[in-house]
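Novice: Structure for the following, please:
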Amino acid sequence: MTENRQTRSTSTKIAIVGAGAVGTAVAYSSLIRGVARTVALLDINKAKVTAEVLDLSHGLEFVPRADIIGDDDVAVCAGADVVVFTAGAKQKPGQSRLELAEATIGLTKKILPGLLDVAPDAIYVMVTNPVDIVTYAALKFSGLPRNQLFGSGTVLDSSRLRFLLSQYTGVAPQNVHAYIAGEHGDSEIPLWTSATIGAVPLLEWEALPGYQPLDEAARRSIHHDVVHAAYKIIEGKGATNYAIGLAATRIVEAILKDEHRILPVSTVAEGFAGLDDVCLSLPAVVGRSGCGRRLDVKLSDDERAGLLASAQTLREMQAGFGL
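Specialist: Residues are numbered from 1 along each chain as shown. Reported below is the predicted structural model:
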């Protein structure tokens, strides 16, 4: 039994589509965490992907045993256990965000068939933005079940929320248990009702000495900062990549290690009244078979209304792309 487990662990492979800022961050964090025995990068720019692989290879002495490979041929992804899709269309001068999103959806439709040919049994994690729309489109294009293909959703947003709450309350982020749900975007909402700090319900939290009360105004400010975090980072450095790289790697780790970890990933909200036929994020169990059962999270009336509004925003966007 032990021998079989070792065989499986040493043969694991993660394929990353796109060797840009996010794709390389996923590769880098995957190598450092020792997530898989083989990390493969796929990108249409062969010179770029070759250089990235060479750079990462020079640090293999300092990480858990792994191989890093890359190419512009989809065959490099063959036999992958998990495929992380980070590729997106490049914005052209004068091109709107909606036009960019439409181009990314077209790119996804073009790339997916080749990936499915070489890695039909892989779990597919979509990271490309707008991630909820791209995930919905990819499910339609691929015909894969919702457990096998899903989006990174609000895993990063929830991490941002926990970080800000930890800063505000003086408690480690690992002891803050709170989720952002809905769209990965401006209409996302925090689930305050179900949130806890340690074993204390967040709405009942009493401030530690030297810290301010976590009142409604504070929560509203924190929510605002979560929603606008990416804009602030992009304004300063042009892109977000480190934290999403870690977030995507955490999802991959939960899959490959069959952790049954609860993560707010994006997939079709089946069985939720008013949230049907749209991809958005709610806490779900993630393991070796991909995205499993979604949790029946307690919601306040305001939170339920916020989720419905977020779903409607996404539904209108989907309709705009003919999905």
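
Novice: got any ranges where the protein has weak pLDDT?
Specialist: Scanning the chain with the threshold set as pLDDT under 70 gives 1-10, 91-98.

Novice: Can you show me the helices along it?
Specialist: Counting by DSSP state H, the chain forms helices over residues 2-10, 21-33, 46-57, 97-118, 131-142, 155-169, 216-237, 242-256, 301-320, given from the N-terminal end onward.

Novice: Please point out which parts of the third one sit buried.
Specialist: By neighbour count with 16 or more other CB atoms under 10 Å, helix 46-57 contains the buried residues 48, 49, 50, 52, 53, 56. From N, CA and C alone the C-beta is placed, and that goes for glycine too.

Novice: Then the fifth one?
Specialist: Going by neighbour count (16+ other CB under 10 Å), the buried part of helix 131-142 is 131, 132, 133, 134, 135, 136, 137, 138, 139, 141, 142.

Novice: Just give me the closest of the buried residues of helix 46-57 to residue 24.
Specialist: Proximity of those to residue 24, judged by CB to CB, is greatest for residue 52, which lies at 5.4 Å.

Novice: wait, that closest one sits on residue 70?
Specialist: Yes - with contact taken as CB atoms under 8 Å, residue 52 and residue 70 are classed as touching, separated by 6.5 Å.

Novice: which residues are common contacts for these two?
Specialist: Contact criterion CB atoms under 8 Å, 6 or more residues apart in numbering; residues bridging residue 52 and residue 70 by contacting each: 19, 41, 43.

Novice: list the contacts for the first one?
Specialist: Pointing back at residue 19 there. Contacts of residue 19 (CB under 8 Å, 6+ apart): 27, 41, 42, 43, 45, 48, 49, 52, 70.

Novice: Would you mind putting these into CSV with distance to residue 110 alongside?
Specialist: Formatted as CSV, the entries for these read as follows, by distance: CB to CB, whole Å:
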residue, distance to residue 110
27, 22
41, 18
42, 13
43, 14
45, 16
48, 19
49, 18
52, 22
70, 20
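
Novice: For the residues you listed, name the two members farthest from one another.
Specialist: Taking CB to CB as the measure, these span a maximum distance of 14.9 Å, between 27 and 45.

Novice: Tell me which of these two has more neighbours.
Specialist: Relative neighbour count places residue 27 above the other of residue 27 and residue 45, with 25 against 13, counting by other CB atoms under 10 Å.

Novice: wait, what's in contact with the more buried one?
Specialist: Residues near residue 27 by CB under 8 Å, 6+ apart: 16, 19, 39, 41, 52, 56, 68.

Novice: what's the closest of the residues you listed to residue 272?
Specialist: If you rank these by distance to residue 272 using CB to CB, residue 16 comes first, at 31.0 Å.

Novice: Around that closest one, how many other residues sit close by?
Specialist: Here the count is done by other CB under 10 Å, and residue 16 has 33 residues near it.

Novice: Now for it: which residues touch it?
Specialist: Contacts were defined as CB under 8 Å, 6+ apart; by that measure residue 16 touches 23, 26, 27, 30, 39, 40, 41, 42, 83, 84, 86.

Novice: picking that back up, include distance to residue 152 when you put the shared contacts of residue 52 and residue 70 into TSV, please.
Specialist: Converted to TSV, these look like this (distance: CB to CB, whole Å):
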residue	distance to residue 152
19	18
41	18
43	19
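
Novice: Restricted to strands, list those residues.
Specialist: Among the shared contacts of residue 52 and residue 70, the members found in strands (DSSP state E) are residue 41.

Novice: Quick check: the residue nearest to residue 41 when sequence neighbours are not counted vs residue 255, distance?
Specialist: If the residues on either side of it in the chain are set aside, residue 41 comes closest to residue 70, at 3.6 Å by CB to CB, 6 or more residues apart in numbering. As judged by CB to CB, to the nearest Å, residue 70 and residue 255 stand 21 Å apart.

Novice: who's more crowded, those two?
Specialist: Counted by other CB under 10 Å, residue 70 and residue 255 do not tie: residue 70 has more neighbours, with 27 against 24.

Novice: correct me, but the more buried one touches residue 51?
Specialist: No - counting by CB under 8 Å, no contact exists between residue 70 and residue 51, whose distance comes to 9.2 Å.

Novice: gap between the spatially most distant residue from the centre of the chain and residue 75?
Specialist: Note on the chain: the largest separation between a C-alpha and the mean C-alpha position, by CA atoms, centre = their mean, falls on residue 209 (35.5 Å). As for residue 209, its distance to residue 75 is 60 Å (criterion: CB to CB).
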